[in-house]
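K.L.:
my questions are about this predicted structure, shown below with the sequence.
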Amino acid sequence: MNEDQFNTSLRKFLKQVGVTSQREIEKAVRDAIAAGRIKGHEKLKTKMVLTIDGVGLVHEVDDVIELG
């Protein structure tokens, strides 16, 4: 395994996940507020699941996003 290539590829993937996930979350929250499904001060129970089939990885992160 080429450690440098692996590290670069992994960082690129994680950056893409972070940026696109943030955009999607922000859009979903704004849409939910606009539609009246939430008020904008809730704490939203959140789960992210990462899977990599080739190595059998399933990693879950549970947290709360506070809107204010």
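P.N.:
Looks like it arrived, so ask away. Model, not experiment: these values are computed from the prediction.

K.L.:
from now on I want contacts and neighbour counts done on CA atoms only, so please keep to that.
P.N.:
Will do.

K.L.:
so where do the helices sit in this protein?
P.N.:
3-34 (DSSP state H).

K.L.:
any idea which residue sits dead centre in it?
P.N.:
Taking Cα atoms, centre = their mean, the centroid of the chain lies closest to S21, which sits 4.3 Å from it.

K.L.:
can you tell me how far that residue is from K15?
P.N.:
10 Å (Cα to Cα, to the nearest Å).

K.L.:
and if you look at I38?
P.N.:
In this structure, I38 and K15 are 29 Å apart, going by Cα to Cα.

K.L.:
which residues touch E60?
P.N.:
Applying Cα atoms under 8 Å, 6 or more residues apart in numbering to E60 gives the contacts 47-50.

K.L.:
and of those residues, the nearest to A32?
P.N.:
K47 (17.7 Å; Cα to Cα).

K.L.:
not counting sequence-adjacent ones, nearest residue to that closest one?
P.N.:
Using Cα to Cα, 6 or more residues apart in numbering and skipping residues adjacent in sequence, the residue nearest K47 is D62, 4.5 Å away.
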